[in-house]
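# Okay, here's the prediction I keep looking at, along with the sequence it came from:
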Amino acid sequence: MIKKVSKHIVQNEPLLFEQSSPGKWGYQLPPLDVPPVDAAQALGAENVRTEIEDFPEVSEFEALRHFTRLSTWNYAIDLGLYPLGSCTMKYNPRVNELVARTEGLAWAHPYQPEALAQGCMEVVAALERALEEITGMAAVTLQPAAGAHGEFTGILMMRALLESRGNPRKKILVPDSAHGTNPATATMVGYSVENIKSNSRGMIDLEVLARAVTEDVAGLMITNPNTVGVFEENIRKICGLLHDKGALVYMDGANMNALVGIARPGDFGVDVMHLNLHKTFSTPHGGGGPGAGAVAVVDVLKPFLPGPRLKRVGDAWAWNYDLPQSIGRVRAFYGNFGVLVRALAYVMAHGGNGLRQATLDALMNANYLRALLEPHYEIAYKAPSMHECVFSDDRQAKKGVRTGDIAKRLIDYGFHPYTVSFPLIVRGALMIEPTETESKRELDLFADAMISIAQEVEENPELVLKAPHTTRTPRVDEVRAARQPIVRWKPPQS
Amino acid sequence: MLSTIGAQSEEDLISYLPSDVRFNAKLAIEDGKSEYEIVDYFKEVAERNANGYASFLGAGVYNHYRPVLVDVVVSRGEFLTSYTPYQAEISQGTLTSIFEFQTMICQLTGMDVANASMYDGSSAVPEAAMMAVRVTKRDRVLIARTVHPEYREVLGTYTKHQGIPVEEIAYAKSGRLDFDDLKKKLTDEVAAVIIQTPNFFGLLEQVKEIAALVQGKGALLVVVFTEAVALGLIEPPREADIVVGELQSFAISPSYGGPYAGIIATHEKYIRQIPGRLVGETVDADGKRAYCLTLATREQHIRREKATSNICTNQALLALMATVFMTVYGKQGLRELAEQNLAKAHYLAGKLPLAFDAPFFHEFVVRPNGKSPEAINGELLTKNIIGGLPLGRFYPELKDCMLLCATEMSRRQDMDTVAASFRES
């Protein structure tokens, strides 16, 4: 039975371009208080465009209705559990949105005099300090814009350190369970990628790793807990293997939500890592971004951090550009500052104890779902789960139903699907991460839905294979979209 | 819940963690604070920043009015708290708005294809360079010194380890690209020539003439913009092969440097080389029009080490802000906005000693006689005005110059005060 949702009316809405009428606009500028300038005269007639062809022309209220109507076609955390594994879809506290809009912060220009930007610099410094404490690392840069950008920054620093020792080396090792960004990043820093096969418990195989670590290896990119939600129990030995050969350990911190307050990567041998502030630190995903990819490093990597860096001059903050060994900038200015404000607000609301409690709650919620679902779905690995649990569709596949189909049926039950078919090492993976901010009531509804779907697979697989049945838009033809790409609107041919 | 799991206490949930990795101390972070205390803290730190100053800073970040509707739309939880729209059936709102965004960026830039956003303008520059390297199978990149200096630094960071040598092209006396220097450096190994218009000095580059030279040598022309409002009025760089830009001007607050939204736009023939997410039109099972993410075989989650880029998370919510902004202003409004910017800047510039004489949009370089930029800025600060950007940090040869910007937000009386400060001794 579907308990969480019932049908309701949804508004249809054409594209903006299809409802435009000439001469409409939604905003009135104040009268010009200086003489008008003839554009053709000032810029040269050849530099002035006649018009922006087919650009929208609607009133303010039409614009508001348009986007409001579109918004109702979306699922969101604000509507319910969003159990995407690895993505950490937790509650986005609204006070964070409010403080990020504080006038003096939101309207601060990156080039305003440092004496008039001390507040912004203090926010950056405070968050750096908090993240150093949480990771157990020596220093943090907040410049990277997202996780993959953080990986890029981290691997560049590893390369710079190895180069300073005389040899940048050739390869980065990446477990076969890793996010796709890891190998893509290594390539962008000029390394070749060697995949490391996981063992039967979903973890790094020490013997396989030991054979792979040669003098050619610059480092290992490891996710811990890994993408099956399991803590790499040999992490100290793994780090030791790399360090013994003069190589470094990069940790993908996508799953740091499982570790905050209970284990620190800097304490167990990691040299450099990133944190996704839009995951662990609750800043909103916004339909795909923005994020922020803070990068933490141990002492030996500090000279290579991207610049500028904050420094204390007397009793004020200043930006230090004199960093001879720095890898350079990875983006303009100082980072996604507005996202940093939100992350700091999250840290402040929780405090040290609260952050640890959030981790325990996340572990509790994931293990609770695992316990409820294990009788009905095949758990991928028996090892204890941390903040997420990964099942395979082995049992359901016997009836011809795959993970993607179960995911689509979940939509009819009023939930966003889990992460489908990832990690790649699990055949037909269902990767479920509830996060700490879900109530028992919401988890029970989700488990009921999953169990009900498992029964449907047995009794009426067609029902699942054709899902979703109740959405405004049924399954879309993704193959067609890729075969004949239409990526912009064009006026109909007359 | 504990009994369902089969645990006695919460601590049992971490009992399998090896003791040598366990963190047993308490994090040295102050105890949790109430909402009121958090709001108060940020108000207090914000007071340590500039408040109530008029500003004439530009240089890639511009002070434009943000229509109220923008915040209303992006504060809706359905946009704010949704994930990347991989599940098309319950993400049509985000997908449709991105499709509209891509379309408007194409209309603005004169291109056929635009992606769903990049981190910002600066990081989109090396992505465009890498794209040009893939397309041309050549490896050298030329970039004009009139491209934003921090964008050039980012290009250097990205290309350093990919075997892509980068060389800079000088600017002429006019403050625009030096054609002689370009011709000298434009060899058969050049994959891309990167210029910016309006350039860092606010001047319009001669895109058509540069395109003819660059494409005549088989290289791609990459045109960068940092001021999207200019495209409401100036001819878009239709001759470019790739257009890269920053949309901060479209309702995104300066926010001390981010988050902003970058774009990459190009021609249809290069669609499979473009980095980042793309939304495409298709049909659903009922045959109705619908949208989904498409051409994912370019991306890291499918192609891994062979992907066009490692980018995953982008700037979707900021792109939505820009979309609402473009919708609210519309075809006429964006033009009028650009015309106001032009008028304000030309009013101020008319009173000041300009360093260059090429046509400019709303930024210009001033060379004060007998006074340093720092001295002028110091005087202006006492009148609650933040002046221009002294250029010495980025262009040692222009250490006696400053870059000023006026927008629709600049008031005549403040501009008169700025002009007066150049005259006073």
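Nice, thanks for sending it over.
# In chain B, which helix is the longest?
If you go by DSSP state H, chain B has its longest helix at helix B:316-349.
# From the contact counts, what lies against it?
helix A:39-43, helix A:60-71, helix B:68-74, helix B:77-80, helix B:92-109, strand B:363-366, strand B:402-405, helix B:412-423 (3 or more CB pairs under 8 Å, 6 or more residues apart in numbering or on different chains; DSSP states H and E). Heads up, the C-betas are built off the backbone N, CA and C, glycines and all.
# repeat that with 7 Å
On a contact count with 3 or more CB pairs under 7 Å, 6 or more residues apart in numbering or on different chains; DSSP states H and E, helix B:316-349 meets helix A:39-43, helix A:60-71, helix B:68-74, helix B:77-80, helix B:92-109, strand B:363-366, helix B:412-423.
# So the biggest helix by length in chain A, near chain B or not?
Ordering each helix of chain A by length in residues (DSSP H) puts helix A:337-373 first. Yes: contact of helix A:337-373 with chain B (CB under 7 Å from any CB of the partner chain) involves A:337-339, A:341, A:345, A:347-356, A:360, A:363-364, A:367-368, A:371-372.
# How about stretch A:149-167?
Yes: on the criterion CB under 7 Å from any CB, stretch A:149-167 is in touch with chain B at A:149, A:151, A:152, A:159.
# Quick check, residue A:122 in contact with residue B:45.
Yes: contact criterion CB atoms under 7 Å: residue A:122 and residue B:45 qualify, at 5.3 Å.
# quick one, which of these two is more surrounded?
residue B:45 (22 against 19; other CB atoms under 10 Å in any protein chain shown).
# per-residue confidence at that one?
In this model, residue B:45 is scored at 98, pLDDT.
# now swap in residue B:425 and tell me
Residue B:425 is assigned a pLDDT of 58 by the prediction.
# just residue B:370 next, same as before
86.
# Check the one 5 residues further on too.
As summarised for this prediction, residue B:375 has a pLDDT of 96.
# May I ask which helix or strand encompasses it?
Residue B:375 is part of helix B:373-382, with elements assigned from DSSP states H and E.
# count of neighbours near the residue lying closest to residue A:354 once chain neighbours are set aside?
Closest residue in space to residue A:354, ignoring its immediate chain neighbours: residue B:32 at 4.3 Å, by CB to CB, 6 or more residues apart in numbering or on different chains. By the measure other CB under 10 Å, the count of residues near residue B:32 is 17.
# Which residue comes closest to the residue of the stretch 301-425 of chain B found nearest chain A once chain neighbours are left out?
With CB to the nearest CB as the measure, residue B:317 is the residue of the stretch 301-425 of chain B nearest to chain A, at 2.9 Å. Spatial nearest neighbour of residue B:317, chain neighbours left out: residue A:286 (2.9 Å); criterion: CB to CB, 6+ apart.
# In contact with that neighbour, which residues?
Residues near residue A:286 by CB atoms under 7 Å, 6 or more residues apart in numbering or on different chains: B:79, B:80, B:316, B:317.
# Let's have those in TSV, adding distance to residue B:55 and neighbour count.
Output for the contacts of residue A:286, formatted as TSV (distance: CB to CB, whole Å; neighbours: other CB atoms under 10 Å in any protein chain shown):
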residue	distance to residue B:55	neighbour count
B:79	30	25
B:80	29	22
B:316	29	27
B:317	25	23
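# Check those and tell me the two furthest apart.
B:80 and B:316 (10.3 Å; CB to CB).
# returning to that earlier point: could you dump the helices and strands packed on helix B:316-349 into TSV with distance to residue B:164 added?
Output for the helices and strands packed on helix B:316-349, formatted as TSV (distance: least, CB to CB, whole Å):
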stretch	distance to residue B:164
helix A:39-43	34
helix A:60-71	40
helix B:68-74	36
helix B:77-80	37
helix B:92-109	24
strand B:363-366	30
helix B:412-423	42
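# Perfect, that will be all.
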